[in-house]
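**Student:** okay, here's the prediction I keep looking at, along with the sequence it came from:
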Amino acid sequence: MARAYRPSTHGVGLDCESKGASLIFVTPDHAFRLKKKHMRNLLRLTMPLATVLVAGLVAAAEPTTLLGKWMKPNMGAPMAGEDYDTLQKSLQLVADKPPPAADYPNWVSISKAGVDAASKKDLKALKKSCKDCHDAYKEKYKKEQVTRPFP
Ligand code: HEC
């Protein structure tokens, strides 16, 4: 009787540290050796999955809304160059044109805290304002405001 082929995948993890994704398989059966044919089949099964995961990670960092596309040159770039004047203006504009307040109650206050931080050249407080808004509203905004015009 042929030995049953039962690959048991105990842990499938996603390693994001190494800039990209790799799948980690852990099999408890150390005596079990994957034959070449099995290996090929396994790769055939896992490669499309890995491709989907990597594509997902890349897509996550790309803006999908008009606000996001505006953010890159008007927030991301001046942040990298510590251009406080531009950041102050950009954050003021974000504060002046919020999405519906009922759905994003802290949008204006977070943006104004950023304006204040930029005027004081307070990098730490400035970063906090970016993070506070992104943590609170990025996912929500990307879901709900795809076609909202900005600026
Ligand atoms: C009041 C809210 C708010 C503030 C403050 C804010 N952002 Fe954003 N930002 C967003 C939202 C919402 C998105 C997602 C839009 C998208 O990706 O299409 C976004 C997306 C971005 C993107 C596009 C790429 C990505 O990571 O999704 C960059 C770059 C960015 N922000 C930089 C900054 C920087 C730098 C600051 C602070 C100086 C900042 N933002 C402050 C709301 C904000």
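**Tutor:** Good, I have the coordinates. Fair warning: this is a prediction, and the values are worked out from it, not measured in the lab. Numbers count the residues shown, from 1 in each chain.

**Student:** how about the residues of this protein that lie near the ligand?
**Tutor:** Residues of the chain lying close to the ligand (CB under 6 Å from any ligand atom) are 61, 63-65, 67-68, 71-72, 75-76, 79, 87, 94, 107, 110-111, 114, 126, 129-130, 133-134, 137-138, 141-142. (Each C-beta comes from the backbone N, C-alpha and C, glycine too.)

**Student:** and this structure, what are its domains?
**Tutor:** Structurally, the chain divides into domains by automatic domain parsing as follows: 11-61, 66-144.

**Student:** now those in TSV, with mean pLDDT?
**Tutor:** Output for the domains of the chain, formatted as TSV (pLDDT from 0 to 100):
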stretch	mean pLDDT
domain 11-61	58
domain 66-144	97
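
**Student:** just those domains: most buried one?
**Tutor:** Most buried of those, by mean neighbour count (mean count of other CB atoms under 10 Å): domain 66-144, with a mean of 16.

**Student:** can you pull the contacts of whichever residue of the chain sits closest to the ligand?
**Tutor:** Taking CB to the nearest ligand atom as the measure, the point where the chain comes nearest the ligand is residue 68, at 2.1 Å. Shown in contact with residue 68 (CB atoms under 8 Å, 6 or more residues apart in numbering): 62, 142.

**Student:** good, wrapping up.
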